[in-house]
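Q: just need the structure, nothing else, for what follows:
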Amino acid sequence: MVEYRIDRRSGVATYLQIVQQTKQALRLGMLEPGDKLPAAREVVEALAVNPNTVLKAYRELEREGLVEARRGLGTFVRRSLGTAPGDSPLRAELDEWMKRARAAGLERDDVAALFTAALGEHFEITREDR
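A: As a prediction, the model looks like this:
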């Protein structure tokens with residue numbers, strides 16, 4: 001089950017943060033086809049957000065063909081985005097790099113800036129990434 005965390009200082013709309021975190025869970029294999037997303041009511045209670053915000057996020061995921069709403073049952077994952085399993089050698093290397101970054105005294109925002117810069121150098125940046 002995915003647990004959403006909202007960063008109200010990020011400047012990214014709350015519904016987009018939910019969409020992005022769901023996609024990340026799909027990429028990492030934390031969510032797989034057939035899995036049920038948390039009920040909108042549960043997300044609203046956990047995050048103290050407007051119900052329409054959660055519904056908008058779920059509609060966007062549905063529009064992209066990633067989930068499907070089943071009337072009276074909930075919202076279920078239709079397809080995965082996973083290409084790199086969470087237990088891959090690359091994940092282990094990234095974990096080690098993160099440990100070294102923390103040991104070097106880097107803060108979360110420092111690591112995020114380094115990662116984003118490297119990502120931009122090696123991959124095309126899309127509108128969604130901004």
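
Q: from residue 27, how far off is the most centrally placed residue in the chain?
A: Of all residues in the chain, the one closest to the mean position by C-alpha atoms, centre = their mean is residue 21, 1.5 Å from it. From residue 21 across to residue 27, the span is 11 Å (C-beta to C-beta, to the nearest Å). Glycine gets a C-beta too; all of them are placed from N, C-alpha and C.

Q: go on, residue 124?
A: According to C-beta to C-beta, residue 124 and residue 27 sit 17 Å apart.

Q: so residue 50 touches residue 40, yeah?
A: No - in this structure, residue 50 is not within contact of residue 40 by C-beta atoms under 8 Å, at 10.4 Å.

Q: tell me which of those two has more neighbours.
A: Legend: neighbour count by other C-beta atoms under 10 Å for residue 50 and residue 40, higher for residue 40 (19 against 12).

Q: quickly note the distance from the more buried one to residue 77.
A: Per C-beta to C-beta, residue 40 is found 15 Å from residue 77.

Q: equivalent analysis for residue 5, please.
A: For residue 5, the distance to residue 77 - C-beta to C-beta - is 19 Å.

Q: residues in contact with residue 42?
A: By C-beta atoms under 8 Å, 6 or more residues apart in numbering, the contact list for residue 42 is empty.

Q: strands along the chain, start to end?
A: Remark: strands assigned in the chain by DSSP state E are 67-70, 74-77.

Q: can I get those in TSV including mean pLDDT, mean neighbour count and distance to residue 89?
A: Output for the strands of the chain, formatted as TSV (pLDDT from 0 to 100; neighbours: other C-beta atoms under 10 Å; distance: least, C-beta to C-beta, whole Å):
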stretch	mean pLDDT	mean neighbour count	distance to residue 89
strand 67-70	96	16	30
strand 74-77	97	19	26
